[in-house]
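Engineer: model this:
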Amino acid sequence: MGRVGVRPSSRDADRSGWLRGAPPPRWVRVLPVALLVGVTAITVASPRPLDIGFMLGAIPPLAVLSYGPLATAVLGGLAIGLLNVPAANLDRPGNTDLLTICFVSLLSVFVSYVRSHRDAQLVTERTVAEAVQRAVVPPLPERVGPVGCVGLYRAAQQGTLVGGDFIDVRMSRHGVRAVMVDVQGHGLASVPTVVSLLGAFREAVLDEPDLESVAARLDRRLRVDSAAVRHAELFATAVFLEFSCDARSVRMVACGHPAPLLLHAGRAREVEIVPGAPLGLGLTDLDPPKEATVELRPGDRLFLASDGVWEARDSAGTFYPLGDRLGALAEGDPAGLPGRVWADLVQYCGIVLDDATMLLLTPEPVPPEIATPSC
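Structural biologist: Residues are numbered from 1 along each chain as shown. So this is what the prediction gives:
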């Protein structure tokens, strides 16, 4: 099964954010050339001189938006040359007009030089930032043991790949273990907590014998991290899953997080599970979360979503009906399900203000004669 990347679409970012440093759209690059060709065609076709030479003064500044200094200089030179070609049929410009366009052209070349160097620096910084963010929360593998994985993540803070949610799927000697965590808050301010909890989970899945112990490890990690910060009140909701070695059953523990949805034959139902307290409040020792076990049938899939999906609302304040819509959206390629849910969510709500994370897990049962007691 393929996967949907857990990062924002760079194509969408380029379309909506070119004024913030993304590459300009094609029409911006075409505009100065089109203006030069258009003025030339109009004046040559006119039977009498036209006083539209002033329009050529806009070509160098437009070229700055998308061209380097050399191309800007060439376009500026062509504009100046066109003013002095008799065949162009332009009214003879005065010396002041000609000097003004020459000055604008030289200034545009300088601005283009500065912009191109800053763009190169921005590309380097963006590449480094993306590499660091992917190292913090790497993309999901397409498959972990007998379980297919498809994840999608959309950060609330524009231009970032990580925020206050994370998902992970790992193999352990007890089976395939998965987690979805939603940290208090969103955006880059939550990243240190995400890194700490993700590291704690990856260690716990190797050592702890059950999901309750894994949840307790993350709860302790969060309490230790927030103890040094006065009035931190740091907490996180989480849901943990553990597939048996033969992928015929799954155990679940929820800590203040919505239960997974079980998909089968085009229908979605919420798994019955008693949620425990959120992580970080110090209550898991007093009232540990209750584990629930679900027997899996061929074709069963589990869909997990963070609060950014469950609690998204439309303009009237109505919550997004994930459970009602998921069955219909599940038809088609399973790898595209999180993307279809995201598109439907944006259409329903318009703007999603919180980090939105989705995880689709597709277990493929292993024949009993192949399965081993320990993975």
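Engineer: and R154, its phi and psi?
Structural biologist: The phi/psi pair for R154 (degrees, to the nearest 10) reads phi -130, psi 120.
Engineer: roughly how far does the spatially closest residue to it that is not a sequence neighbour sit from G163?
Structural biologist: Distance criterion CB to CB, 6 or more residues apart in numbering; nearest residue to R154, sequence neighbours excluded, is A356 at 4.6 Å. Quick note: C-beta positions are derived from backbone N, CA and C, even for glycine. Distance of A356 to G163, computed by CB to CB, to the nearest Å: 9 Å.
Engineer: any shared contact partners between these two?
Structural biologist: Residues touching both A356 and G163 (CB atoms under 8 Å, 6 or more residues apart in numbering) are 153, 156.
Engineer: circling back to that earlier point, the residue nearest to R154 contacts L345, correct?
Structural biologist: Yes - between A356 and L345 there is a contact under CB atoms under 8 Å: 7.0 Å.
Engineer: quick one, which of those two is more surrounded?
Structural biologist: Counted by other CB atoms under 10 Å, A356 and L345 do not tie: A356 has more neighbours, with 28 against 21.
Engineer: report pLDDT for the more buried one.
Structural biologist: For A356, the pLDDT comes out at 89.
Engineer: show me where the protein has strands.
Structural biologist: 143-144, 147-154, 165-172, 175-183, 236-243, 249-255, 261-264, 267-270, 292-295, 301-305, 356-363 (DSSP state E).
Engineer: could you dump those strands into a markdown table with distance to D333 added?
Structural biologist: Converted to a markdown table, those look like this (distance: least, CB to CB, whole Å):
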| stretch | distance to D333 |
| --- | --- |
| strand 143-144 | 16 |
| strand 147-154 | 10 |
| strand 165-172 | 20 |
| strand 175-183 | 21 |
| strand 236-243 | 22 |
| strand 249-255 | 23 |
| strand 261-264 | 14 |
| strand 267-270 | 17 |
| strand 292-295 | 24 |
| strand 301-305 | 12 |
| strand 356-363 | 11 |
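Engineer: against R269, how distant is the residue nearest to R154?
Structural biologist: A356 is 22 Å from R269, by CB to CB.
Engineer: low-confidence ranges in the stretch 201-350 of the chain?
Structural biologist: Applying pLDDT under 70 to the stretch 201-350 of the chain flags the ranges 228-233, 283-286.
Engineer: now the residue nearest to R154: how far from A328?
Structural biologist: As for A356, its distance to A328 is 19 Å (criterion: CB to CB).
Engineer: ok, now L78?
Structural biologist: Computed as CB to CB, the L78 to A328 distance reads 57 Å.
Engineer: which of those two has more neighbours?
Structural biologist: Regarding L78 and A328, a neighbour count based on other CB under 10 Å identifies L78 as having more, with 17 against 13.
Engineer: returning to what we had before: next, the contact list for the residue nearest to R154, please.
Structural biologist: So A356 contacts 152-154, 156, 165, 305-306, 308-309, 312, 342, 345 (CB under 8 Å, 6+ apart).
Engineer: which among those residues count as buried?
Structural biologist: Buried by 16 or more other CB atoms under 10 Å: 152-154, 156, 165, 305-306, 308-309, 312, 342, 345, out of the contacts of A356.
Engineer: turn those into a markdown table, columns for distance to V239.
Structural biologist: Listed next are the buried ones among the contacts of A356 as a markdown table, based on distance: CB to CB, whole Å:
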| residue | distance to V239 |
| --- | --- |
| L152 | 16 |
| Y153 | 16 |
| R154 | 19 |
| A156 | 20 |
| D165 | 12 |
| A305 | 10 |
| S306 | 9 |
| G308 | 14 |
| V309 | 13 |
| A312 | 18 |
| W342 | 19 |
| L345 | 19 |
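Engineer: wait, which of those is closest to V85?
Structural biologist: Of all the buried ones among the contacts of A356, the one sitting nearest V85 is R154; the distance, using CB to CB, is 53.7 Å.
Engineer: go ahead and confirm that closest one touches I351.
Structural biologist: No - look at R154 against I351 with CB under 8 Å: they stay out of range, at 11.5 Å.
Engineer: name the nearest residue to S249, ignoring sequence neighbours.
Structural biologist: E295 (5.2 Å).
Engineer: pretty sure the one you found contacts R248?
Structural biologist: Yes - contact criterion CB under 8 Å: E295 and R248 qualify, at 6.9 Å.
Engineer: who's more crowded, these two?
Structural biologist: The residue with more neighbours, out of E295 and R248, is R248; 18 against 9, by other CB under 10 Å.
Engineer: how about the more buried one, phi and psi?
Structural biologist: The phi/psi pair for R248 (degrees, to the nearest 10) reads phi -100, psi 0.
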